[in-house]
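sequence and predicted structure, then a few things I'm wondering about:
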Amino acid sequence: MFEQHIGKCSNKVKNIVESGAVKKFAEAIGDPHPIFIDEETGKKSRYQRNIAPPTFPRVFDFGVIDGLNLPKKGLIHGEQVFHYVRPLIVGEEIFCWLKVEDYVEKTGKSGKMGFLVLKGFGEDPTGEIIFTSKQTIIITEAVRKEMIV
Amino acid sequence: MNSLSDLQEGKSLQVIQLKPVSRLDLIKYAGASGDYNPIHTIDEEARKAGLPGIIAHGMWTMGNLAKLFTPYYHEGFVKDYSVRFIGKVFLNDVITLKATLKEKFDQQYRFDVAAVNQHDSEVVKGEVIFSKY
């Protein structure tokens, strides 16, 4: 049902690794470590700035993939991968976009399930990729039916 | 354990046990992440989705699990972090975070990581490659 979208990309969106957002995020995952939120600790560190936790890209805007309309409800997050060249640095600009990597359907005990793989990219202003991500979304039979109706 | 270099293959980092999952934890994560899917915050919506009650965002658990590595930020960084979400996390569940060093190669430390609930079931399972500077 999403096969025709494989290979499509979203528009690139500029994101800023904003210090307030990093602080709020670090607190929300129970990790308010000084390297994320204390300016002095950041200054004394390798990057001379605070860094962001590895799952912080959840906050970023990755743009919109034309024609890909996912249901708002009922999706299951199956897998998540992050790969980094270096940590995200507070204050930097990261340009993010998504690509539909794959879509397959498998029949299991609860009916036919769809597996949608979205690859995310984050690059710095010079065009160097800083991180990639991959999320596998499971679309259950019940949700598929609702989408067709 | 002050340095990861002292950790031998097969050994684990000090486990972290989280406080029982509260609704406020999930409301905070929804706000901080921008993921407002109501199955994580509103009982009625969770029930409509066929769940007995609200469940934690998988990314909340994955985010928590990464904090095992934060104390070592001066030695390196999390280069690769991959997980599967294999079980649901409900309100009041008590989650324990674990990481075991599987191998060291070329300054890369590969860990098996897991978040386990109070019934000893893994809810999140995966791998971290910590890259030393």
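Happy to help now that I have it.

would stretch A:47-60 count as contacting chain B?
Yes: Stretch A:47-60 lies within reach of chain B by Cβ under 8 Å from any Cβ of the partner chain, at A:51, A:53-55, A:58-59. Where you see a C-beta, it was placed from the backbone N, CA and C, and this is true even at glycine.

which members of these are the farthest-apart pair?
Of all pairs drawn from these, the greatest distance, 15.6 Å, lies between A:I51 and A:R58 (Cβ to Cβ).

return the closest of the residues of stretch A:47-60 next to chain B with respect to A:K23.
Scanning the residues of stretch A:47-60 next to chain B for proximity to A:K23, where the rule is Cβ to Cβ, the winner is A:P53, at 10.7 Å.

now the closest one: which helix or strand?
Following DSSP states H and E, one finds A:P53 outside all helices and strands.

distance check, it against B:V78.
Computed as Cβ to Cβ, to the nearest Å, the A:P53 to B:V78 distance reads 9 Å.

again with B:V123
B:V123 sits 20 Å away from B:V78, taking Cβ to Cβ as the criterion.

where along chain B do the helices fall?
For chain B, applying DSSP state H gives helices covering B:23-33, B:43-48, B:58-65.

B:D120: how many residues sit nearby?
B:D120 has 7 neighbours, counted by other Cβ atoms under 10 Å in any protein chain shown.

count of neighbours near residue 114?
No chain in the question, so chain A it is. Using other Cβ under 10 Å, A:G114 has 20 neighbouring residues.

ah, no, chain B please
B:A114 has 20 neighbours, counted by other Cβ under 10 Å.

okay, the residue most central in space within chain B: pLDDT?
In chain B, the centroid-proximal residue (Cα atoms, centre = their mean) is B:L65; its distance is 2.5 Å. Here, the pLDDT recorded for B:L65 equals 98.

how about the one 4 residues further on?
According to the per-residue confidence, B:F69 scores 98 in pLDDT.

could I get the full set of strands for the chain?
Assuming you mean chain A. A:13-16, A:75-84, A:93-108, A:111-123, A:129-139 (DSSP state E).

wrong chain, I was asking about chain B
Secondary structure of chain B (DSSP E): strands at B:16-17, B:76-85, B:96-105, B:108-116, B:122-132.

what's around A:K99, how many residues?
Residues near A:K99, counting by other Cβ under 10 Å: 20.

quick check: end-to-end length of stretch A:71-88?
30 Å (Cα to Cα, to the nearest Å).

so which bits of that stretch are buried?
A:74-75, A:77-84, A:86-88 (16 or more other Cβ atoms under 10 Å in any protein chain shown).

so can I have JSON lines of those showing distance to B:A46 and pLDDT?
Converted to JSON lines, the buried residues of stretch A:71-88 look like this (distance: Cβ to Cβ, whole Å; pLDDT from 0 to 100):
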{"residue": "A:G74", "distance to B:A46": "11", "pLDDT": "75"}
{"residue": "A:L75", "distance to B:A46": "14", "pLDDT": "86"}
{"residue": "A:H77", "distance to B:A46": "15", "pLDDT": "93"}
{"residue": "A:G78", "distance to B:A46": "19", "pLDDT": "96"}
{"residue": "A:E79", "distance to B:A46": "22", "pLDDT": "98"}
{"residue": "A:Q80", "distance to B:A46": "21", "pLDDT": "98"}
{"residue": "A:V81", "distance to B:A46": "27", "pLDDT": "98"}
{"residue": "A:F82", "distance to B:A46": "27", "pLDDT": "98"}
{"residue": "A:H83", "distance to B:A46": "32", "pLDDT": "98"}
{"residue": "A:Y84", "distance to B:A46": "33", "pLDDT": "98"}
{"residue": "A:R86", "distance to B:A46": "38", "pLDDT": "98"}
{"residue": "A:P87", "distance to B:A46": "34", "pLDDT": "98"}
{"residue": "A:L88", "distance to B:A46": "32", "pLDDT": "98"}
